[in-house]
Every structure is written in C-alpha cells, then in structure tokens.
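**Q** Sequence and computational prediction follow.
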2 protein chains.
Amino acid sequence: MELPEAKLKFIEAWGKLGSEWGINRTMAQVHALLLVTPDALTTEEIMESLSISRGNANMTLRELMGWGLVEKHHKAGERKEYFFADKNTWNIARQVAKERRKRELEPVLKILDELTKVKGDNKHPDYKTFNTTVTDINKMAKNVDKTLDAMLKAEESWFWGSIFKMFK
Amino acid sequence: MELPEAKLKFIEAWGKLGSEWGINRTMAQVHALLLVTPDALTTEEIMESLSISRGNANMTLRELMGWGLVEKHHKAGERKEYFFADKNTWNIARQVAKERRKRELEPVLKILDELTKVKGDNKHPDYKTFNTTVTDINKMAKNVDKTLDAMLKAEESWFWGSIFKMFK
DNA sequence: TCAAACTTTCAAAAATTTTTGAAAGTTTAT
DNA sequence: ATAAACTTTCAAAAATTTTTGAAAGTTTGA
C-alpha cells in the first residue's frame, strides 16, 4: 500500500471509530488528517483534503481546539492561521479522558449521588432494586473517576507498566 | 425526591450518557428501566413506561439481548415474553467492554496493523510522521486491548483493588 | 480610510438516525 | 382448521445531527 492510500485509510478508520464513540465523524477525520501531517495546515488545505465546506472546517477546528487536541500556529509575516495537532498519543488519550470526564462523567456522578440519597423501605422490592442498582453504579462510576484521575497525572510507561504487572 | 421521580431521573441520565457514548438513547433508557425494576417486564409494559412504539420496543430489546445485557424470561402458563436485565454492575461493565472490543476495537486494530506495515523513507517527513503516529496509536490500542482482556477475566474486587494499589 | 485577506456565523438544506404503526408472521389452545 | 394472543418486520415519517455557503465580521497594511 502506498502512503496516500494509507493516509486515507487511517482517516477513514479514525472517523468511523469516532462516530461509534459519539464523536462527530468529520471532527475525527480532521484530527486524523492533522495527526499524519508533519506540519500545520490552513483551513483551505483541510477543506480541500477532506472535501468539506469552509463553515464545517472552521467549526470542527474550533471544537478540536476546545478538546485541547489542536492548536493554532502562526507563521511569521503571514496572516493565515495554521492548525497543528499534538502527535503524542499519551497526551491525546489523557486529553480525551480529561474532557470526557468533565463533560460526561461528572454530571452523571452528581445525579447518581443525589439518587443514592433517595429514602425508602428496603422491604419494597421496587425501592430495594433501585437503591442497590444506583448505589452499585455510583460506586463503579467513582472508581472509574479515580482511575481517570490517576491516569491524568501519570507517566505513560509507568501507567502501562503498573497495569501489566497487575495481571501477570 | 420520591421513588417514581428518582426512577425517571435515572432513566433520563442513563439515556443521555448512552447517547454521548454512541449508544441509542432509547436503548439505554430501556436498559435503565429494567435495571431499576425488580422483576421482568413485558414489551407492553416497557412501551407504556417509556411511551415508545411496539416496533421500537421490540427492536431495542432485541439489541439489548444482542449485547448480552437483557434476557427473555417465561412465566409458567403464559405466552407473553418477559424481559429481565442482569443487575450486577460488574457483569454489565464487562459485557459492554467485551462487545465494544469485538465490534470496534478489533476492526481498528486490524487496520492499524496493516498501516504499520506500509513501507517508506524515514527521510520524508510525511512518511515519518505517518509511521510514527500509526505505530504509537497501534501500541496504545494494543495496551487497551490487553487491559480489557484482563478485565474480562477478573473479579471485580481484585480488579479495583489492584488498580488502587497502583496509585497510592 | 480603504480594500484585500482572512475568519466566523448561522439559517437553510442535506444526510443520517430513530421511531412509528399497521400488516405479516408465528405459536398455541381448542 | 381456526382464531386468539402474541412477536416481528419494514417502508415511510419524524427527529436529530451534520453540512453548506453566502453574508457578515475582523484584522492588517498601504
């Protein structure tokens, strides 16, 4: 397989995976494009490469910056904005973990904490099932939260090293 | 807060979280409903509770069974089918991990392995960036794969116990 | 100050996903 | 064999998400 074809395959696969995980396909594709491009690209170049509109490119890049995955670069003496993706995989994973924790896990944890406090009679199967389920899910969500927190602070090699020590 | 309201809140929150993670909101809601219901429910009861159509209920329940999260129960002397959700949180997490690994991670790993093999000249920044990025992502994806595999085989308390020993 | 170069906005259109519900299919009891 | 009880299917409709592109906005240099 040649490089250009391989790049397209990567972009396609990344887009698909993104869409399966609740991330807009185009956003994942723009990210993938920047990940396999050594230097920063202009909006124009991204539009061209992926055949998307200016509006879409602009919006997607803004969101990628919001996720902390892409940054704007400027070249001396040029007005154009260039977009560049951090290519460190561990940084990317941490950044995504950090954002999803904040945006999705934290709100759910807040609700679960409330629901855990609902009072009732354990003799009523309805209440008992509700309470047990919510309490259990809350515990698991808190464990996930703590694990993500640790991951955010960790060094990649240490993290995987420790994980693999666990089950050998 | 009273139980009925709390149930609705839980169903809503679960539906929202699901939709953010690429799982159909209704499917997550049906799952949530069954999770807080002590006994098995009929299609009719689910339709009623969540105000959804027969077709939708049927399709959603079939999918939940496909994910291994819900099973059909039969009551002696009745023709109706009853649907029941396993309420063990660790089982649920493992089941979801298992399915997503099979459906989403494995196909991506296959593509990444191929892309890793693409030959080129490391003097060309384009090739070098592509190769480095894809190789790195491949490594990370393999680590995730191994971790999930371990999780699938693990006992809940042992798993979290080991994780927490890591960062204390 | 002006206009060229560039970015952002957002209402409307397109694409995609989800839902509906009536009809077709199946199973069971008589 | 039939009808009642129940489940499944799927084309069309509705809802939602994504994309477009032209107009408005901004910045810069002359």
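**A** Here it is on my side, so go on. Every value quoted in this text rests on a predicted model; they were computed, and no experiment measured them. Numbering: from 1, shown residues only, chains lettered A, B, ... in the order given.

**Q** Ignoring the adjacent residues along the chain, who's closest to the spatially most central residue of chain A?
**A** The residue lying closest to the centre of chain A (Cα atoms, centre = their mean) is residue A:96, at 3.0 Å. Nearest residue to residue A:96, sequence neighbours excluded (Cβ to Cβ, 6 or more residues apart in numbering or on different chains): residue A:67, at 7.0 Å. Where C-beta positions appear, they are placed from N, C-alpha and C, glycine not excepted.

**Q** Tell me, how many residues neighbour residue A:124?
**A** 13 (other Cβ atoms under 10 Å in any protein chain shown).

**Q** how close does it get to residue B:38?
**A** As judged by Cβ to Cβ, to the nearest Å, residue A:124 and residue B:38 stand 9 Å apart.

**Q** any residues in contact with both of the two?
**A** Shared contacts of residue A:124 and residue B:38 (Cβ atoms under 8 Å, 6 or more residues apart in numbering or on different chains): none.

**Q** So which elements touch the least confident helix or strand in chain A by mean pLDDT?
**A** Lowest mean confidence among the helices and strands of chain A (mean pLDDT, DSSP states H and E): helix A:156-166, at a mean of 93. Helices and strands touching helix A:156-166, by 3 or more Cβ pairs under 8 Å, 6 or more residues apart in numbering or on different chains; DSSP states H and E, are helix B:125-153, helix B:156-166.

**Q** And the longest one, what's buried?
**A** What that stands for is helix B:125-153. Of all the residues in helix B:125-153, those buried under the rule 16 or more other Cβ atoms under 10 Å in any protein chain shown are B:126-127, B:129-134, B:136-138, B:140-141, B:143-144, B:147-148, B:150-151.

**Q** Right, and DNA strand D sits closest to which residue of chain A?
**A** residue A:55 (1.7 Å; Cβ to the nearest atom of the strand).

**Q** Can you give me the distance of that residue to residue A:43?
**A** Note on residue A:55: its distance to residue A:43, by Cβ to Cβ, is 10 Å.

**Q** Next: residue A:96.
**A** Distance from residue A:96 to residue A:43, by Cβ to Cβ: 23 Å.

**Q** now do residue A:140
**A** Taking Cβ to Cβ, one finds residue A:140 at 42 Å from residue A:43.

**Q** circling back to that earlier point, contacts with DNA strand D among the buried residues of helix B:125-153, please.
**A** By Cβ under 7 Å from any atom of the strand, no member of the buried residues of helix B:125-153 lies near DNA strand D.

**Q** check the residues you listed against chain A, which are close?
**A** Here is what survives when those are matched to chain A using Cβ under 8 Å from any Cβ of the partner chain: B:126-127, B:129-130, B:132-134, B:136-137, B:140, B:143, B:147, B:150.

**Q** Hmm, residue A:84 and residue A:39 touching each other?
**A** Yes - using Cβ atoms under 8 Å, residue A:39 is in contact with residue A:84, at 7.4 Å.

**Q** More neighbours: which of those two?
**A** Applying other Cβ under 10 Å to residue A:39 and residue A:84 shows that residue A:84 carries more neighbours, namely 15 against 12.

**Q** that older thread, turn the ones next to chain A among the buried residues of helix B:125-153 into JSON lines, columns for distance to residue B:117.
**A** Formatted as JSON lines, these follow (distance: Cβ to Cβ, whole Å):
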{"residue": "B:126", "distance to residue B:117": "17"}
{"residue": "B:127", "distance to residue B:117": "13"}
{"residue": "B:129", "distance to residue B:117": "17"}
{"residue": "B:130", "distance to residue B:117": "12"}
{"residue": "B:132", "distance to residue B:117": "14"}
{"residue": "B:133", "distance to residue B:117": "15"}
{"residue": "B:134", "distance to residue B:117": "10"}
{"residue": "B:136", "distance to residue B:117": "15"}
{"residue": "B:137", "distance to residue B:117": "14"}
{"residue": "B:140", "distance to residue B:117": "18"}
{"residue": "B:143", "distance to residue B:117": "20"}
{"residue": "B:147", "distance to residue B:117": "24"}
{"residue": "B:150", "distance to residue B:117": "27"}
